[in-house]
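Student: Below is the structure, and that's it, no one-letter string:
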């Protein structure tokens, strides 16, 4: 069935007010389980944005889907699926990776995260360009710490590639075969290099308006390398609300995640004004993103921006406003 999608200039105006003039290129959507309203400013509706760490939510869906298919177990280890030898990281379980409780750092020391950060801040370069072999080389030398909540980009990179290995596909192929294809997300993809960017790919900018290099690379895909249009993100949110998305169990919280929040497979649930909100945000060198769902109310909201300034507060506000509007009883028609 074709999803009804409506354009609304008032939505663009409202999101522009919530975010401020710094965000020149934005796209937004509000959704229910049966329809989506979209808006954009400064770009076309099919322009593709870096969605950053919302990629982790997609990896979580693919993990839950692989569990349902019997391709992996919660206690499957990285060493069972990736060539890691007898390195300590080989004993890390997929379940612990999916809830950021693996003991892995955000990035390994061998990746020289401080040097990368300094170079990025000075020159706007891509700090994530490794291929899979380079990622595995880093993993073989990483130290595994205490099993406690600790947000790890590195962990989700390994999780995604481990799941892909279990299916006999590369991660980019897995996303297309199990998620983008079935849900008809035609603009959602993972560019492994700048040359693989599609027409309509936006160039993000810093808070000061300086252009930033695209964050492309094979290794980073499961943690932050996916690009998509607002139309794709709206369709994904609808599928999450109506339960048709693969691996929908990923949204269900299974562990504490600090600050009163809980976490499922990548997806965070936080209570806001009495409403459990399931969400994830994303940030890259030149982009920010936010996707949130009020599953009980059957509503969702998405904001994408090609400027590296937070959109989280605007996202939560937009979702709350949409939920109130959707839940408000309508007066009966006059005869």
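Tutor: Done, it's in. Bear in mind the structure is a predicted one, so any value in this text is a computation, not a measurement. Residues are numbered from 1 along each chain as shown.
Student: Secondary structure element holding residue 40?
Tutor: strand 36-41 (DSSP states H and E).
Student: chain center to the very next helix or strand once past that strand, what's the gap?
Tutor: Note on strand 36-41: by DSSP H and E, the next helix or strand toward the C-terminus is strand 49-50. Mean-position distance between strand 49-50 and its chain equals 10 Å (Cα atoms, centre = their mean, to the nearest Å).
Student: again, but for stretch 269-279
Tutor: Worked out by Cα atoms, centre = their mean, stretch 269-279 lies 18 Å from the chain centre.
Student: And it, end to end?
Tutor: End-to-end distance for stretch 269-279: 6 Å, by Cα to Cα, to the nearest Å.
Student: same deal with stretch 25-38?
Tutor: For stretch 25-38, the end-to-end distance is 14 Å (Cα to Cα).
Student: Walk me through which strands the strand holding residue 40 pairs with, and which way each runs.
Tutor: Applying DSSP bridges, strand 36-41 is found paired with strand 5-7 (parallel), strand 26-32 (antiparallel).
Student: Comparing these, which yields the minimum mean pLDDT?
Tutor: The minimum mean pLDDT among the strands paired with strand 36-41 belongs to strand 5-7 (a mean of 91).
Student: buried sites along it?
Tutor: residue 5 (16 or more other Cβ atoms under 10 Å). Yep, even glycine has a C-beta here, placed from its N, CA and C like the rest.
Student: And for stretch 192-199?
Tutor: Quick answer for stretch 192-199 (16+ other Cβ under 10 Å): 192, 197.
Student: for stretch 40-53, which positions count as buried?
Tutor: By neighbour count on 16+ other Cβ under 10 Å, the buried set for stretch 40-53 is 40-43, 45-53.
Student: same thing with stretch 235-243?
Tutor: Residues of stretch 235-243 classed as buried by neighbour count (16+ other Cβ under 10 Å): 235, 236, 237, 238, 239, 240, 241.
Student: And the residue most central in space within the chain, how far from residue 304?
Tutor: Compute the mean C-alpha point of the chain, and by Cα atoms, centre = their mean the closest residue is residue 54, 0.9 Å away. According to Cβ to Cβ, to the nearest Å, residue 54 stands 9 Å off from residue 304.
Student: And residue 254, by the same measure?
Tutor: Separation of residue 254 from residue 304 (Cβ to Cβ) stands at 28 Å.
Student: any idea which helix or strand of this protein has the worst average confidence?
Tutor: Lowest by mean pLDDT, DSSP states H and E among the helices and strands of the chain is helix 113-123, with a mean of 68.
Student: Just list the residues touching the closest residue to residue 180 other than its chain neighbours, thanks.
Tutor: Distances taken as Cβ to Cβ, 6 or more residues apart in numbering place residue 188 nearest to residue 180, at 4.6 Å, with adjacent residues excluded. Taking Cβ atoms under 8 Å, 6 or more residues apart in numbering as the criterion, residue 188 is in contact with 175, 179, 180, 226, 227, 228, 229, 232, 236.
Student: among the residues you listed, who's most crowded?
Tutor: residue 226 (32 neighbours; other Cβ atoms under 10 Å).
Student: Excluding sequence neighbours, find me the nearest residue to that one.
Tutor: Nearest-residue entry for residue 226: residue 55, 4.2 Å, with adjacent residues in sequence omitted and distances by Cβ to Cβ, 6+ apart.
Student: okay, now residue 87: neighbour count?
Tutor: Around residue 87 there are 17 other residues, counting by other Cβ under 10 Å.
Student: where does this structure dip in pLDDT?
Tutor: Within the chain, the ranges that satisfy pLDDT under 70 run 1, 110-115, 117, 121, 123, 328-335.
Student: What's the separation between the residue nearest to residue 180 and residue 21?
Tutor: Here residue 188 is placed at a distance of 29 Å from residue 21 (Cβ to Cβ).
Student: likewise residue 108?
Tutor: Distance of residue 108 to residue 21, computed by Cβ to Cβ: 39 Å.
Student: Comparing the two, which shows the higher neighbour count?
Tutor: residue 108 (20 against 7).
Student: shouldn't that one be in contact with residue 145?
Tutor: No - with contact defined as Cβ atoms under 8 Å, residue 108 does not reach residue 145; the gap is 11.5 Å.
Student: Going C-terminal from the host helix or strand of residue 66, what's the next secondary structure element?
Tutor: Using DSSP H and E, residue 66 sits within helix 54-69. Later in the chain than helix 54-69, the nearest helix or strand by DSSP H and E is helix 78-81.
Student: How far off centre is that following helix?
Tutor: On Cα atoms, centre = their mean, the centre of helix 78-81 falls 24 Å from that of its chain.
Student: other SSEs contacting the next helix or strand after that helix?
Tutor: With elements assigned by DSSP H and E, the helix or strand that comes after helix 78-81 is helix 94-98. Here helix 94-98 touches helix 54-69, helix 153-167, going by 3 or more Cβ pairs under 8 Å, 6 or more residues apart in numbering; DSSP states H and E.
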